[in-house]
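>>> Starting from these lines, generate the structure:
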Amino acid sequence: MSAPPVPRTAPSEAASVTEANAPPIARRPPSGDSALRRTWRSASQMFASGRQNRELADLAAEVQAPVHTGRRIAVASVQGGAGKSIVAALLASVFAARRADPVLAADADPYEGSLTWRLGVPGDPSLHKLAPGLLAARGGDLRELGPLLPRTGTGLWVLPGGTTNPNLCTAVTRALSRLFAVTVTDCPPGLEARTPAGVMADAHAVVLVAAATPDGVRGTYQALRRIVDDGYGAWLERVVVVLSAGNPHGRSTLDQRAARELIGQTGVPVVALPYDRHLAAGALITPSRIGEATLVEVTRAAALALTRARQT
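Okay, here's the model as predicted:
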């Protein structure tokens, strides 16, 4: 029997290079609004009627609506690169900031998704390692989860990803949902793979994220039409579409009114997130640096998703 090949990097060297002790790769990301925009907003608030503030307050009240049992909201996308993990992080953060009861953000990525990193919490240990302890604690209370799950500065509980078992995240989130008012799960891209299909089937509402580009809207509309044509149109009553403007060029080529009308043919509500420099930077999300318009629209998406989840 031949000897196994010698690795190019010695085990001792590989073990010493971890994300915890690696040099930082990100500088401080910019604010979502430009300095000029922030200055104009500060000056205009002295004369404005406060209509946008009242709208945000009304949307926040919908986000705070009581739930009798834990509601599970899946965040999915037809194509990769749509901004799905960003939307999942924002939705979960809005729920955690606005609600008095506990909220969980779960990463269903079988490898290492970006949800935990963008939220600023450790992704290790993985879901595969945590699952036995979490399933054992499902009949208890949150005090048993404290040593197992990380939390963000706003109090959001986070379930890391990392398992090749396509059903494990669904089983864990279903078991824990009695302890959390809202659970937001970030699915891998695609609708037909086993992991996202299982999470969406188990969810009370689905937020379908599409890149705010002509191709992103086209692909998402076609997926929704296939669902209707296959006789599953009733499933769309649980769906909210979020158009995520990840870059200014795609946004400038999209006729947003036409996009809303196209997707609206399926009866699904549409929320358009504006281009936000802070989110597009690809670094840790700092809530205080998110653009004002982004905050309003993601709160709108959270309110719509929870409304649909409460009706299920």
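>>> Secondary structure class of Gly246, three-state.
For Gly246, the secondary structure call by DSSP: H, G, I helix; E, B strand; the rest coil comes out as coil.
>>> nearest residue to it other than its sequence neighbours?
Closest residue to Gly246 apart from its sequence neighbours, by C-beta to C-beta, 6 or more residues apart in numbering: Gly83 at 4.8 Å. Quick note: C-beta positions are derived from backbone N, CA and C, even for glycine.
>>> again with Asp202
Closest to Asp202 by C-beta to C-beta, 6+ apart is Thr170, at 5.0 Å.
>>> what do you get for Ala293?
Of all residues not flanking Ala293 in the chain, Pro274 sits nearest, at 4.9 Å (C-beta to C-beta, 6+ apart).
>>> now swap in Gly155 and tell me
Ala96 (5.5 Å).
>>> And for the one you found, the neighbour number?
25 (other C-beta atoms under 10 Å).
>>> Helix or strand next in line after the one helix or strand His278 maps to, which one?
Assigned by DSSP states H and E, His278 falls within helix 277-280. From helix 277-280 onward toward the C-terminus, using DSSP H and E, the following helix or strand is helix 292-311.
>>> buried set for that following helix?
292-306, 308-310 (16 or more other C-beta atoms under 10 Å).
>>> list the helices and strands it packs on?
Under the contact criterion of 3 or more C-beta pairs under 8 Å, 6 or more residues apart in numbering; DSSP states H and E, helix 292-311 touches helix 51-63, strand 71-77, helix 84-98, strand 205-211, strand 239-244, strand 270-273.
>>> any idea of the angle that helix forms with strand 71-77?
Taking axes from the mean of the first three to the mean of the last three C-alpha atoms, to 10 degrees, one finds that helix 292-311 is oriented at 120 degrees with respect to strand 71-77.
>>> can you give me the mean pLDDT across helix 292-311?
Over the span of helix 292-311, the pLDDT mean works out to 96.
>>> Please save the CA atoms from that helix in PDB.
This file holds the C-alpha atoms of helix 292-311, laid out as PDB (Å, rounded to 0.1, in the frame of the first residue of the first chain):
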ATOM      1  CA  GLU A 292     -32.100  55.800   6.600                       C
ATOM      2  CA  ALA A 293     -34.100  54.700   3.500                       C
ATOM      3  CA  THR A 294     -32.700  51.100   3.900                       C
ATOM      4  CA  LEU A 295     -33.900  51.000   7.500                       C
ATOM      5  CA  VAL A 296     -37.400  52.000   6.500                       C
ATOM      6  CA  GLU A 297     -37.600  49.500   3.700                       C
ATOM      7  CA  VAL A 298     -36.200  46.500   5.600                       C
ATOM      8  CA  THR A 299     -38.600  47.300   8.400                       C
ATOM      9  CA  ARG A 300     -41.400  47.200   5.800                       C
ATOM     10  CA  ALA A 301     -40.200  43.800   4.600                       C
ATOM     11  CA  ALA A 302     -40.100  42.500   8.200                       C
ATOM     12  CA  ALA A 303     -43.600  43.700   8.800                       C
ATOM     13  CA  LEU A 304     -44.900  42.100   5.600                       C
ATOM     14  CA  ALA A 305     -43.100  38.800   6.400                       C
ATOM     15  CA  LEU A 306     -44.400  38.600  10.000                       C
ATOM     16  CA  THR A 307     -48.000  39.500   8.800                       C
ATOM     17  CA  ARG A 308     -47.900  36.600   6.400                       C
ATOM     18  CA  ALA A 309     -46.300  34.300   9.000                       C
ATOM     19  CA  ARG A 310     -49.000  35.100  11.600                       C
ATOM     20  CA  GLN A 311     -51.700  34.200   9.000                       C
END
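>>> now it against helix 84-98, angle please.
Using the same axes, to 10 degrees: helix 292-311 against helix 84-98 is 80 degrees.
>>> Show me where the stretch 51-200 of the chain has its helices.
Using DSSP state H, counting those that start in this stretch, the helices of the stretch 51-200 of the chain run over 51-63, 84-98, 115-119, 127-136, 142-145, 168-176, 194-202.
>>> okay, the ones you listed in CSV with mean pLDDT next?
Below are the helices of the stretch 51-200 of the chain laid out as CSV (pLDDT from 0 to 100):
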stretch, mean pLDDT
helix 51-63, 88
helix 84-98, 97
helix 115-119, 93
helix 127-136, 92
helix 142-145, 88
helix 168-176, 93
helix 194-202, 93
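>>> and stretch 163-175, which residues are buried?
163, 166, 168-175.
>>> contacting residues around that stretch?
Identification of contacts with stretch 163-175 by C-beta atoms under 8 Å, 6 or more residues apart in numbering yields 72, 104, 106-108, 110, 126-128, 130-131, 134-135, 138, 159, 161, 183, 185, 193-195, 198-199, 202.
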